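Peer 1: Predicted model, plus sequence, below.
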Amino acid sequence: MFILACWNLYFGARLICLLPLRPGEEDEAVALGCAAVVSTPEGWERARDRHDLDVHVEAETGMGRWGLAPALALEAGRALAAGPRPERLQGLMSHLATADEEDRSFADRQAAAFAELAAAFPDCPRHLANSAAVLGRSDLAWDAVRPGLALHGMDPFHVDPAAHGLAPALRWTTAVASVRALAAGDSCGYGRRFVAAAPCRVALVPVGYADGYRRGLSGQGDVLIGGRRCRVAATVSMDQLAALLPDDLAVAEGDEVVLLGAQGDERITAEEVARHLGTIAYEVTCGIGASPARTLREAR
C-alpha cells in the first residue's frame, strides 16, 4: 500500500484497493486515502460502521469470485447512502467473466443483472468494464472503466495489441553470452532436443526458466538478434537457452537479444509467446523473474 500511497500523492488520483481488506487493514486504507471494495459479507460487517472508510460495493453477477449477492449489495448501498457520511459510497461495481469471448451471451446476462441492480442502487458511479469490454463493448462503459491488461499495451483478445492501437509497455532483453559452432550431428542442450543436420551456429543466451522464460518454448519460441528471428532450438535450461542463428547473420558476444518486444522490423509479443504455451499474455509477463542479482528493470 505504501507504493499506492506515493502514486496517490504524486498524481492526486483516487485509489481503490480492489481485493478485500483483511481484518485490521481498514485503518491503513483510511490513512492512505484508499477506498475499499466491499465484496464479502464479512468485509461489509467490518466496513458498515467505519464512517471514515470510503467504499465501493461489489456485486456478484456471474464471475463466481468476489461480490455480494445483489440483495445484500443493495442493502449495503442504501445503508451507506443513509449514513452520517453518505459521500463515502464511492461506487457500485461488478466484474465480467467472458468479455474477451466472441459469444456475448454470458456477458449480456451479467450486464443485465448489473443494470437491474444499478437501477435500484443509490446514486454513485457505476463501473463494470474490464480491458476487453473497454475495447469491444462500449455499451458497458457506465460511469468509469477498469482497464488492466490494456494499460500494459497487451491485447485482452489474445491476438495483436496493434490491432487495437495498443503499444506494449514492456521490452525484455538480454545479451549473447557466446556463439558456438556445431558440426553436423552435434547436439545442444539437455535431452539432445536439437541435433544439427548441417554445420551451424547457436547463440548461448543467459536466460532460462528460472528467469521466467518457460521451458515450453523449447523448439518453438523465437528470440530476436540483429533484427532477425532466431528459433530457440535446444531445451531451455534453468538459466540459459540456445538460439539457432541464420547462416548470414553476424553475431558476437554482447549483442542484444530481445525476448519480448521489437528489434528492427521484427517484434515478439507476449500474445505470441502465450499462444506457444497455451496460456495468456498476462501469465507470460507476470512470470518474468525479478531477482536483483539477475534482472535490471528500467522505466523509460
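Peer 2: Arrived safely, thanks for sending.
Peer 1: from here on, contacts and neighbour counts on C-alpha atoms
Peer 2: Noted.
Peer 1: The top strand by length along the chain - contacts with which helices or strands?
Peer 2: When the chain is parsed with DSSP state E, its longest strand is strand 256-263. Contacts defined by 3 or more CA pairs under 8 Å, 6 or more residues apart in numbering; DSSP states H and E place strand 256-263 against strand 172-175, strand 222-225, strand 266-268.
Peer 1: repeat that for 10 Å
Peer 2: strand 172-175, strand 200-205, strand 222-225, strand 228-231, strand 266-268, helix 270-277 (3 or more CA pairs under 10 Å, 6 or more residues apart in numbering; DSSP states H and E).
Peer 1: Quick check: buried residues in the longest one?
Peer 2: Pointing back at helix 270-277 there. 270, 271, 272, 273, 274, 277 (16 or more other CA atoms under 10 Å).
Peer 1: next one: the first one
Peer 2: Of the residues in strand 172-175, those scored as buried under the neighbour-count criterion (16+ other CA under 10 Å) are 173, 174, 175.
Peer 1: could you point out which element follows the least confident helix or strand in the chain by mean pLDDT?
Peer 2: Scoring the helices and strands of the chain by mean pLDDT, DSSP states H and E places helix 2-11 at the bottom, with a mean of 44. Remark: after helix 2-11, the chain's next helix or strand is strand 15-17, criterion DSSP states H and E.
Peer 1: just checking, what packs against that next one?
Peer 2: Applying 3+ CA pairs under 10 Å, 6+ apart, we find strand 15-17 packed against helix 2-11, helix 26-32, strand 34-38, strand 55-58.
Peer 1: Can you give me the end-to-end span of stretch 168-181?
Peer 2: Length of stretch 168-181, first residue to last, CA to CA, to the nearest Å: 35 Å.
Peer 1: do stretch 249-267 as well
Peer 2: Stretch 249-267: ends 17 Å apart by CA to CA.
Peer 1: May I see the buried residues of that stretch?
Peer 2: 251, 255, 256, 257, 258, 259, 260, 261, 262, 263, 267.
Peer 1: could you dump these to TSV with pLDDT and distance to residue 185?
Peer 2: Below are these laid out as TSV (pLDDT from 0 to 100; distance: CA to CA, whole Å):
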residue	pLDDT	distance to residue 185
251	98	22
255	98	27
256	98	28
257	98	26
258	98	28
259	98	28
260	98	31
261	97	33
262	96	33
263	97	32
267	97	31
